[in-house]
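S.K.: take a look and give me a structure for this.
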Amino acid sequence: MDLELKNQSVAVFGGAGTIGQAVVKRFIEEGCQVLVFDAHPSTDEISKSMHENVLSIRSNVVDYGAVKMGLKDAANRFGKIDHVVFSVGAGSGKFGFPFWNLEPSDWSRILEINLQGAVNVAHAFAPYAVRQKAGSITFFTSVAGQIGSQTDPPYSAAKAGLINFMQCVAKDLAPYRVRANAISPGMVASELNRSVWQAGQELLPEEDRLEYEDWANEKIRMISPLNDWQRPEDLGAMAAYLASVKARQITGQVINVDGGQVMHA
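M.R.: Purely as a prediction, here's the structure:
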């Protein structure tokens, strides 16, 4: 399927992460010019490994000034910013069941990265979107933001807030023919997923602990009707589709790519 994305420009925030890299690679395959914006220490090296012409900026989405400067640099290089993808995700690194296993002080960093970071990105992109009267912004949320996570409540709440904010963005940008949607992954073998496993296992007696693969496969068996991992490339494909003209009537929606974990009537 030709998504008609060739020569369009895309800014991927969190583009050096597991999901973010898959998003970047898919847009490159579609012939796009891509900016990778990430706080990862190896952002430049990771970006160059995907494509020599990828523009990379190592910085943090919680820094609004840096986000604005990143988009300005990309616009200067590419001539425009057609699409933005927010693929940032950070958990507490602790096991939050019950929720009082965490301290209230554990919440602020998670909310700042997952929610305020997305707000920063949307605010920085809005002037380009309004001026161009075209384009899209896609936020990566989580099934945890729809069902309430019993492992990391701050992450769950932040992603739930992001879903609501995405809908605000969709309504505000619709008059300018700019669309906003969210992609909700299920079980992806990522650093974030491993941190959930590790935090839970550390609370168990040593004899009851499971290796990551055993823990993950058992969890998938219990929660996913398709009984399968979601691959990063599955999510990259959906991100590209939502940015394309094929999705021109899709806005304000949460697209679950989760093997059937979350189903709505």
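
S.K.: the residue nearest to Gly17 when sequence neighbours are not counted: what's it in contact with?
M.R.: Once flanking residues are discounted, Gly17 sits nearest to Ser87: 6.3 Å by Cβ to Cβ, 6 or more residues apart in numbering. The C-beta positions use only the backbone N, C-alpha and C, and glycine is treated the same way. Ser87 is in contact with 12-15, 17, 19-20, 23, 140, 239, counting by Cβ atoms under 8 Å, 6 or more residues apart in numbering.

S.K.: rebuild those as TSV, extending it with pLDDT, secondary structure and neighbour count.
M.R.: Formatted as TSV, the contacts of Ser87 follow (pLDDT from 0 to 100; DSSP: H, G, I helix; E, B strand; the rest coil; neighbours: other Cβ atoms under 10 Å):
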residue	pLDDT	secondary structure	neighbour count
Val12	98	strand	32
Phe13	98	strand	32
Gly14	97	coil	27
Gly15	96	coil	31
Gly17	94	coil	26
Ile19	96	helix	28
Gly20	96	helix	29
Val23	98	helix	31
Phe140	98	strand	27
Ala239	99	helix	29
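
S.K.: most widely separated two among the residues you listed?
M.R.: Gly17 and Ala239 (12.9 Å; Cβ to Cβ).

S.K.: show me where the stretch 151-265 of the chain has strands.
M.R.: 179-185, 254-257 (DSSP state E, counting those that start in this stretch).

S.K.: C-alpha coordinates for the last one, CSV please?
M.R.: Yep, that's strand 254-257 we're talking about. The C-alpha trace of strand 254-257 is given here as CSV (Å, rounded to 0.1, in the frame of the first residue of the first chain):
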residue,chain,number,x,y,z
VAL,A,254,-7.1,5.7,20.4
ILE,A,255,-6.0,2.8,18.3
ASN,A,256,-5.2,-0.2,20.3
VAL,A,257,-2.4,-2.4,19.0
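
S.K.: that older thread, of all the contacts of Ser87, which comes closest to Ala134?
M.R.: Ala239 (17.3 Å).

S.K.: what's the lowest-mean-pLDDT helix or strand in the chain in contact with?
M.R.: Lowest on mean pLDDT, DSSP states H and E among the helices and strands of the chain sits helix 191-201, with a mean of 78. Contact partners of helix 191-201, identified using Cβ under 8 Å, 6+ apart, comprise 17-18, 89-95, 151-152, 187, 209-210, 212, 215-216.

S.K.: same check on stretch 214-232?
M.R.: 18-19, 21-22, 185-190, 193, 197, 200-201, 210, 257-261.

S.K.: and stretch 107-114, average pLDDT?
M.R.: When pLDDT is averaged over stretch 107-114, the result is 97.

S.K.: give the buried residues for that stretch.
M.R.: By neighbour count with 16 or more other Cβ atoms under 10 Å, stretch 107-114 contains the buried residues 107, 110-114.

S.K.: may I have it exported as PDB, CA atoms only?
M.R.: Taking C-alpha atoms only, stretch 107-114 is exported to PDB below (Å, rounded to 0.1, in the frame of the first residue of the first chain):
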ATOM      1  CA  TRP A 107       4.600  10.700  40.800                       C
ATOM      2  CA  SER A 108       6.000  14.100  39.600                       C
ATOM      3  CA  ARG A 109       8.700  12.800  37.300                       C
ATOM      4  CA  ILE A 110       6.400  10.300  35.600                       C
ATOM      5  CA  LEU A 111       3.700  12.900  35.000                       C
ATOM      6  CA  GLU A 112       6.300  15.400  33.800                       C
ATOM      7  CA  ILE A 113       7.800  13.100  31.200                       C
ATOM      8  CA  ASN A 114       4.700  11.300  30.000                       C
END
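
S.K.: tell me the buried residues in the least confident helix or strand of the chain?
M.R.: 192-193, 195-197, 199-201.

S.K.: stretch 39-54 too?
M.R.: Within stretch 39-54, judged by 16+ other Cβ under 10 Å, the buried ones are 39-40, 43-44, 46-47, 50, 54.
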